[in-house]
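Asks: Coordinates only, no sequence provided:
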Ligand code: PEP
Ligand code: MN
């Protein structure tokens, strides 16, 4: 019962379902446009760490050609221990992210995990991220929808396309039509190694196109969880027609406070930008 039926399209996801051939929505976040002729590259650290580093990373990704800046101030960490560098900055982190965005002219996206924080996060961010783990947190979806900002809706790693589009339908139903989908890997039984937690479902990109009019991007960082795999999957995402990527970039990746195994350094990110530009041109897009 995971397939999307004609009745689903009519009754359960009428607002996000594709109505006709070529039906496609664009979502604007400042100068960035998801679903337009250009792909959107969102880059930055997994977590906001401090003012100097946040600004340095923002400048580096801007120089390389990124269109938006990412950085988590509230992190859905797998384990409850928050000590040493594994501290998320919370509200002060949001201000640092906002400041780095302003300095570089890059719109910012950040995750909101708690219904009580939606208002505050919306004041600091240009786009609100719903993390994979919260894809089906319906009260959160409703609050985030009402905040009126564009939304990046990550796919839960156990969710079918039907479930994912159902979550997007909640956002539309509650008045927000600025929704961008983000594939970030799904789980399969063999993903027990810490370095192979998820499998990237690139096939879901054309599947989204078949059933929905929403833009869709891919996160090659949180899905592969392994630096070596990030660039190949990012290139693949652009090749299969994704509207962009969201990627972890850090000045010293192995020292990143959160997810040090997956971030790219400035040089690797710059090289990847060039490759994505070339691939984008092949599939009729710009970067
Ligand atoms: C993130 O983008 O920082 C993140 C935690 O992603 P996900 O929700 O996909 O795990
Ligand atoms: Mn992360």
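Replies: Thanks, I have the structure now. What you see is a predicted model, and the numbers here were worked out from it, not measured in a lab. Ligands and ions are numbered 1, 2, ... in the order given.
Asks: pretty sure residue 276 is in contact with residue 38, am I right?
Replies: No. Counting by CB atoms under 8 Å, residue 276 stays clear of residue 38, with 11.0 Å between them. Yep, even glycine has a C-beta here, placed from its N, CA and C like the rest.
Asks: is ligand 2 contacted by stretch 152-166?
Replies: No. Stretch 152-166 does not reach ligand 2 (CB under 5 Å from the ion); its nearest approach is 11.1 Å.
Asks: ok, and for that stretch, which residues are buried?
Replies: For stretch 152-166, a neighbour-count test (16 or more other CB atoms under 10 Å) marks 152-157, 159-162, 164-166 as buried.
Asks: Nearest to ligand 2: which residue in the stretch 151-287 of the chain?
Replies: residue 259 (3.9 Å; CB to the ion).
Asks: Identify the residues contacting that residue.
Replies: Residues near residue 259 by CB atoms under 8 Å, 6 or more residues apart in numbering: 46-47, 221-222, 225, 248.
Asks: Which ones among those also lie next to ligand 1?
Replies: 46, 222 (CB under 6 Å from any ligand atom).
Asks: if we can go back for a sec, more neighbours, residue 276 and residue 38?
Replies: Per other CB atoms under 10 Å, whichever of residue 276 and residue 38 has more neighbours is residue 276, with 24 against 16.
Asks: Residue 273: what's it in contact with?
Replies: With contact set as CB under 8 Å, 6+ apart, residue 273 has these partners: 41, 64-66, 287.
Asks: mind running it again at 7 Å?
Replies: Residues near residue 273 by CB atoms under 7 Å, 6 or more residues apart in numbering: 41, 64-65.
Asks: And residue 211, by the same measure?
Replies: Under the criterion of CB under 7 Å, 6+ apart, the contact list for residue 211 reads 4, 17-18, 161, 165.
Asks: Which members of the residues you listed occur in helices, if any?
Replies: The helices, defined by DSSP state H, take in 161, 165 from those.
Asks: Which one of the residues in the stretch 51-200 of the chain is closest to ligand 1?
Replies: residue 131 (3.2 Å; CB to the nearest ligand atom).
Asks: Does the nearest residue to residue 68 once chain neighbours are set aside belong to a helix, a strand or coil?
Replies: Once flanking residues are discounted, residue 68 sits nearest to residue 42: 4.2 Å by CB to CB, 6 or more residues apart in numbering. Following DSSP: H, G, I helix; E, B strand; the rest coil, residue 42 is assigned to strand.
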